[in-house]
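Peer 1: Build the 3D model from these lines:
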Amino acid sequence: MTTLYLDLETYSATPIKHGVHRYAEDAEILLLAWAINASPVQVWDATAGIQAPTELRDALRDPACQLVAHNSGFDRTVLNRVIPTDTSRWHDTMVQAYQHSLPGALGDLCDLLGLPSDKAKDKEGRQLVLLFCKPRPDGSRATRLTHPEKWAAFVEYARLDVEAMRVLHRKIPRWNCELERPLWLLDQTINDRGVCIDTALVDSAITAVAHAQRDLASRTVDLTDGDVQAATQRDAMLAHLLKQYGVTLPDLQASTLQRRIDDPDLPEPLRELLAIRLQASTTSTAKYQALARATSTDGRLRGTLQYCGATRTGRWAGRVFQPQNLPRPALDNTTIELGIEAIKAGCADLLVDNVMELASSALRGCIVAPPGKKLVIADLSNIEGRVLAWLAGEAWKIQAFEAYDAGTGPDLYKLAYAKSFGIQPGDVTKGQRQVGKVQELALGYEGGVGAFLTFARAYGIDLEQMGEQAWPAIPQAVKQAAQNSLEWTRRQKRDTFGLSDRAWMTCEAFKASWRDAHSNVRIFWRELRDAFQLVASGGMPSVQIPVNNGLAPAIAVDRVGKWVRIKLPSGRYLCYPQARVESDGSLSYMGINQYSRKWSRLYTYGGKLVENVTQAVARDVLAATMPHIDAAGYQIVLTVHDEIICETPDTPDYTHTALAQMMSTAPTWARGLPLAAAGFETPRYRKD
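Peer 2: Okay, here's the model as predicted:
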């Protein structure tokens with residue numbers, strides 16, 4: 001098969017951070033570096049007034065010629081404005097890297113895979129891109145005529161990128177490529193399709209937020225006698241609080257401010273000042289600016305999803321508007337709907353006191369159905385909890401999910417609490433149900449008190465109050481074990497997270513009780529860790545772990561070169577480059593540190609490996625349904641975590657019930673996995 005390797009260098013006055021599709025509307029091609037199969041790399045200078053070489057034009061138009069690029073979505077989108085190409089012809093070395101848990105940057109991949117790399121040249125190349133591919137700070141533009149010597153270096157830089165890409169295409173593993181290719185092609189279709197945006201709401205919200213910020217700044221000046229000009233001035237605000245009220249705050253995060261605001265003894269002027277700061281620092285409203293900049297001229301926002309953006313599990317990540325990271329609405333849907341109309345009418349301040357809160361809550365509402373269509377939306381229910389129980393073969397819990405779905409069993413969060421403490425689910429209170437929910441979310445991956453604390457805060461549970469209420473009902477043997485754990489923790493000089501003894505021991509008791517109720521999950525942690533250790537150390541070439549007590553395809557852990565792979569029931573591999581067992585018995589591999597964003601050695605354990613596998617399988621379940629959903633006429637425009645948002649004709653033929661049914665139909669490899677989904681239909685996106 002003929003393969004055309006290519007890489008574009010382009011110019012656009014629109015910044016690339018506004019999204020590829022918006023960028024491409026104003027882009028022009030400067031250089032096109034290309035090579036066919038193993039032939040030498042050539043560079044066509046599109047600014048020189050000469051036509052593209054015949055061989056290049058023929059290859060681009062030949063439907064049998066496959067096209068390879070790094071971050072092909074960019075090259076394809078820009079190129080399609082000149083020579084339309086079928087998406088199915090494209091292959092992507094960045095996607096190939098993501099599919100195998102490698103970084104996406106071309107330079108990083110060259111380093112990792114041992115390709116020759118001149119750091120000085122790399123730096124020079126980045127400087128050349130900045131020089132020729134975007135407007136200069138003074139508004140002028142550098143060209144081949146204004147900077148001929150640097151242009152020659154720019155041409156050479158483009159050529160070297162294609163040389164590197166061609167080698168990477170050969171060297172990066174392909175274990176997941178064939179299996180995942182149809183899904184990636186669908187992902188590209190979804191990104192090209194985009195979502196319809198209510199641009200009137202976006203523009204009105206920007207105006208309303210600006211007005212509210214000016215009002216908040218004015219009130220701040222009045223309350224501080226001019227010491228602070230705007231509530232967003234962090235250092236000035238902290239200094240004023242100390243000088244005027246003698247108050248020292250560790251930070252100005254929302255949780256810190258809210259705790260102070262809730263203090264009944266706080267002086268009213270200070271309470272108002274902190275409330276203003278809380279309103280003014282609502283950063284989610286900046287997403288309106290992102291929407292205004294990135295929405296294409298036809299009113300649709302495109303390129304919002306990054307396939308395999310979570311490089312360990314393969315889940316999607318958000319781009320541009322970051323739909324995966326929208327704030328949880330603070331207002332109910334009725335208030336939000338009225339608020340949207342008020343924002344668009346320019347009178348939001350007449351409806352609510354906190355315009356910033358309304359604007360933040362209304363963000364989802366910017367996504368709408370175009371005329372004659374509707375949004376059909378459904379969400380998989382507790383998918384990670386279901387997958388974990390299924391993987392581990394926790395039979396009682398699988399049956400509990402099935403009973404709940406059939407309407408004959410209790411709520412699973414109530415059941416979690418009841419199972420831990422030997423009471424009937426019907427006796428579980430609303431507050432105890434919240435504790436059960438935190439147990440389910442925090443403890444399935446070998447988490448302890450720290451994990452419990454993290455999720456408890458997210459769901460507004462006061463652990464000190466919980467400790468006082470729950471401690472008397474905890475069995476004496478569990479209490480004694482928790483006390484022993486606290487004493488051991490202190491002897492080891494480990495963190496108790498600032499909790500009182502009772503709160504800490506209550507969390508520890510919940511953890512221990514949950515683990516007692518989930519013996520197969522605990523076994524699964526150990527089995528996966530032991531398998532990884534055996535394979536990484538060379539003790540065994542491959543280890544199989546049964547799924548759902550042998551009723552579904554097994555998980556297989558093996559080693560290929562310096563890679564440890566975990567084969568999922570779907571057939572996809574999770575990849576751990578340069579995995580090894582350390583001298584202290586801990587497990588490690590190379591990956592991208594989520595904090596530094598650098599390639600470094602990461603450490604793992606049984607619970608973390610189980611988290612990787614569970615989240616990856618949950619992703620595969622969602623992904624397996626998507627081609628069927630799209631083919632049925634439910635045009636997918638977005639996925640957000642375990643939710644699918646579709647655009648359909650506004651007719652009774654398309655229903656959320658049908659979408660939920662398709663989403664909750666388990667793929668053939670997931671035999672025995674209990675699935676459920678629920679949804680709704682709406683002209684405007686919302687959180688149901």
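Peer 1: What's the local residue count around the closest residue to N37 other than its chain neighbours?
Peer 2: Nearest-residue entry for N37: T3, 5.7 Å, with adjacent residues in sequence omitted and distances by CB to CB, 6 or more residues apart in numbering. Every residue, glycine included, has its C-beta placed from N, CA and C. The tally of other residues near T3 (other CB atoms under 10 Å) stands at 16.
Peer 1: quick one: T3 and S281, what's the gap?
Peer 2: Taking CB to CB, to the nearest Å as the measure, T3 and S281 are separated by 51 Å.
Peer 1: Over to L67?
Peer 2: Taking CB to CB as the measure, L67 falls 46 Å from S281.
Peer 1: what do you get for G672?
Peer 2: For G672, the distance to S281 under the criterion CB to CB works out to 48 Å.
Peer 1: returning to what we had before: for the residue nearest to N37, which residues are in contact?
Peer 2: Contacts of T3 were listed using CB atoms under 8 Å, 6 or more residues apart in numbering, and they are 36-37, 65-68.
Peer 1: Drop anything exposed from these.
Peer 2: Burial by neighbour count, 16 or more other CB atoms under 10 Å: within these this picks out 36, 65-68.
Peer 1: Identify those among those residues that sit within helices.
Peer 2: Secondary structure assignment (DSSP state H) places none of the buried ones among the contacts of T3 within helices.
Peer 1: What is the burial count for the residue lying closest to G409 once chain neighbours are set aside?
Peer 2: Spatial nearest neighbour of G409, excluding adjacent residues (CB to CB, 6+ apart): A403 at 2.7 Å. Using other CB under 10 Å, the number of residues around A403 comes to 15.
Peer 1: Also E643?
Peer 2: Other residues near E643 number 18, with proximity taken as other CB under 10 Å.
Peer 1: where's it relative to G679, distance?
Peer 2: Counting by CB to CB, the separation of E643 from G679 is 8 Å.
Peer 1: where do the contact lists of these two overlap?
Peer 2: When contacts are counted by CB under 8 Å, 6+ apart, E643 and G679 have 377-379 as shared neighbours.
Peer 1: Neighbour-wise, which one of these leads?
Peer 2: Using other CB under 10 Å as the neighbour criterion, A378 leads the shared contacts of E643 and G679 with 29 neighbours.
Peer 1: residues in contact with the closest residue to R319 other than its chain neighbours?
Peer 2: If you skip the residues right next to it in sequence, R319 has Q306 as its closest partner in space, 5.1 Å away by CB to CB, 6+ apart. When contacts are counted by CB under 8 Å, 6+ apart, Q306 is found next to 316-319.
Peer 1: How about Q306: which residues does it bridge to?
Peer 2: Applying DSSP bridges to Q306 gives these bridge partners: A317.
Peer 1: can you list contacts of whatever helix or strand L238 lives in?
Peer 2: With elements delineated by DSSP states H and E, L238 resides in helix 234-240, which encompasses its position. Counting contacts by CB under 8 Å, 6+ apart, the residues outside helix 234-240 that touch it are 224, 227-229, 231, 249, 252, 273, 277.
Peer 1: which among those residues end up buried?
Peer 2: Buried members of the contacts of helix 234-240, scored by 16+ other CB under 10 Å, are 224, 227-228, 231, 249, 252, 273, 277.
Peer 1: Could I get the buried residue list for stretch 448-467?
Peer 2: 448-449, 451-453, 455-456, 461, 463, 466-467.
Peer 1: How about residues contacting that stretch?
Peer 2: 255, 431, 434-435, 437-439, 441-443, 445, 495-497, 499-500, 502-508, 510-511.
Peer 1: Start and end of it, how far apart?
Peer 2: 16 Å (CA to CA, to the nearest Å).
Peer 1: Do a quick rundown of the helices in the stretch 551-688 of the chain.
Peer 2: Listed in chain order, the helices of the stretch 551-688 of the chain (DSSP state H, counting those that start in this stretch) span 606-631, 656-663.
Peer 1: Report the angle between the first one and helix 656-663.
Peer 2: Compare the direction of helix 606-631 with that of helix 656-663 by axes from the mean of the first three to the mean of the last three CA atoms, to 10 degrees and you get 130 degrees.
Peer 1: buried ones in helix 606-631?
Peer 2: By neighbour count, and taking 16+ other CB under 10 Å as the criterion, the buried residues in helix 606-631 are 606-626, 629-630.
Peer 1: List of residues touching stretch 427-437?
Peer 2: Here stretch 427-437 makes contact (CB under 8 Å, 6+ apart) with 411-418, 420, 459, 461, 466, 469-470, 510.
Peer 1: Okay, and which of the residues you listed map to helices?
Peer 2: In helices, judged by DSSP H, the following of those are found: 412-418, 420, 466, 469-470, 510.
Peer 1: By neighbour count, which of the contacts of stretch 427-437 wins?
Peer 2: A416 (31 neighbours).
Peer 1: Run a quick neighbour tally on the residue nearest to it when sequence neighbours are not counted.
Peer 2: The shortest distance from A416 to any non-neighbouring residue, by CB to CB, 6+ apart, is to G436 (4.0 Å). For G436, the number of neighbouring residues by other CB under 10 Å comes to 25.
Peer 1: now P475
Peer 2: P475: 12 surrounding residues under other CB under 10 Å.
Peer 1: Now for it: which residues touch it?
Peer 2: Taking CB under 8 Å, 6+ apart as the contact definition, P475 lies against 421-422.
Peer 1: distance of it from W504?
Peer 2: Distance check for P475 against W504: by CB to CB, it reads 18 Å.
Peer 1: on that earlier part again, among the ones in helices among the contacts of stretch 427-437, list the two that are farthest apart in space.
Peer 2: Comparing all pairs in these by CB to CB, the longest separation belongs to L412 and Q469, at 21.8 Å.
Peer 1: Do a quick rundown of the strands in the stretch 251-400 of the chain.
Peer 2: Secondary structure of the stretch 251-400 of the chain by DSSP state E, counting those that start in this stretch: the strands cover 300-301, 305-306, 317-318, 367-368, 373-380.
Peer 1: From the chain's centre, how far out is the last one? Work that out for me.
Peer 2: Averaging C-alpha positions (CA atoms, centre = their mean, to the nearest Å) puts strand 373-380 20 Å from its chain's average.
Peer 1: Then the fourth one?
Peer 2: Chain-centre distance of strand 367-368: 20 Å, with CA atoms, centre = their mean.
Peer 1: Show me what counts as buried in the least confident helix or strand in the chain by mean pLDDT.
Peer 2: Comparing every helix and strand of the chain by mean pLDDT, DSSP states H and E singles out helix 254-261 as the least confident one, with a mean of 72. Buried residues in helix 254-261, defined by neighbour count with 16+ other CB under 10 Å: 257, 260-261.
Peer 1: In TSV: these, plus distance to R219.
Peer 2: Putting the buried residues of helix 254-261 into TSV (distance: CB to CB, whole Å) gives the following:
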residue	distance to R219
L257	16
R260	18
I261	15
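Peer 1: And those residues, which is closest to K123?
Peer 2: Within the buried residues of helix 254-261, proximity to K123 (CB to CB) peaks at L257, which comes in at 42.4 Å.
Peer 1: I'd say the closest one and A280 touch.
Peer 2: No - using CB atoms under 8 Å as the test, L257 is too far from A280 to be in contact (10.8 Å).
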